[in-house]
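[1] Here you go, sequence then predicted model.
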Amino acid sequence: MADEFPPQGASVDLFGNEILPMRDRRGRPSFKKTKENQDFVAVRAAAGWNQDLIAEALGCDPKTLRKNFSRELSQGALLIDGLCLDVLLRGAREGHTPSVKALQARLDRVSAGAPRASAKEKPEQPAKAEKLGVKEKRLNDATKPQADYGSLYDRIPRQ
């Protein structure tokens, strides 16, 4: 009776055979997404490469590229521009004069000339007259009778 139950530490299947680990994984290994690959795709997307060329250079299928790097493909230029600004800022903090000048030139290109008015300072515009529909016009006209209606009321005999 004691030999019917396997020892506590051993793993066996329903037939009492020891379970062996798989020797190899079946199928093609999944694509490994790394930081280097993300930067590679973002730079090429920012440079205007199409997805087929990027996939060929990366060594994967275009469908795999779209699945794993959709953010880099759609926002590559923005990511690289932000990365360049970070590098310039780091150089400017270290006192690198060309970095300071380059950063100032970059920021001067996009800076607004005059400060924008806040919501509190906006002048109020007069309210526009509402456009009335046909039914609303008729109802308004019915509440305000014309001036010559008085003579018509006088002609009606009173009982």
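    Good, I have the coordinates. Numbers count the residues shown, from 1 in each chain.
[2] Okay, now the unreliable bits of this protein?
    For the chain, the stretches flagged by pLDDT under 70 are 1-10, 112-123, 148-153.
[3] so after the longest helix anywhere in the chain, what's the next helix or strand?
    Determined from DSSP state H, the single longest helix within the chain is helix 70-93. Moving toward the C-terminus from helix 70-93, the next helix or strand (DSSP states H and E) is helix 97-110.
[4] which other helices and strands contact that next one?
    helix 70-93 (3 or more C-beta pairs under 8 Å, 6 or more residues apart in numbering; DSSP states H and E). Where C-beta positions appear, they are placed from N, C-alpha and C, glycine not excepted.
[5] between the helix it packs on and helix 97-110, how big is the angle?
    120 degrees (axes from the mean of the first three to the mean of the last three C-alpha atoms, to 10 degrees).
[6] Quick one: distance of helix 70-93 to the chain centre.
    Helix 70-93 sits 17 Å away from the centroid of its parent chain (C-alpha atoms, centre = their mean, to the nearest Å).
[7] Just the buried residues of stretch 86-94, please?
    88, 91-92 (16 or more other C-beta atoms under 10 Å).
[8] Also stretch 19-37?
    For stretch 19-37, by 16+ other C-beta under 10 Å, it's Asn37.
[9] now stretch 128-148
    Buried, per 16+ other C-beta under 10 Å, within stretch 128-148: nothing.
[10] what ranges do the helices span in this protein?
    35-46, 51-58, 62-68, 70-93, 97-110, 134-143, 149-155.
[11] Go through the ones you listed and name the closest to Glu18.
    Evaluated over the helices of the chain, closeness to Glu18 peaks at helix 62-68, with 38.2 Å, by C-beta to C-beta.
[12] Buried residues, that closest one. List them.
    Applying 16+ other C-beta under 10 Å to helix 62-68 flags 65, 68 as buried.
[13] would you put the C-alpha positions of that helix in PDB?
    Extracted in PDB, the C-alpha atoms of helix 62-68 (Å, rounded to 0.1, in the frame of the first residue of the first chain):
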ATOM      1  CA  PRO A  62       6.900  43.900 -41.400                       C
ATOM      2  CA  LYS A  63       4.000  42.500 -39.500                       C
ATOM      3  CA  THR A  64       6.300  41.700 -36.500                       C
ATOM      4  CA  LEU A  65       7.700  45.300 -36.800                       C
ATOM      5  CA  ARG A  66       4.200  46.800 -36.600                       C
ATOM      6  CA  LYS A  67       3.300  44.600 -33.700                       C
ATOM      7  CA  ASN A  68       6.300  45.300 -31.600                       C
END
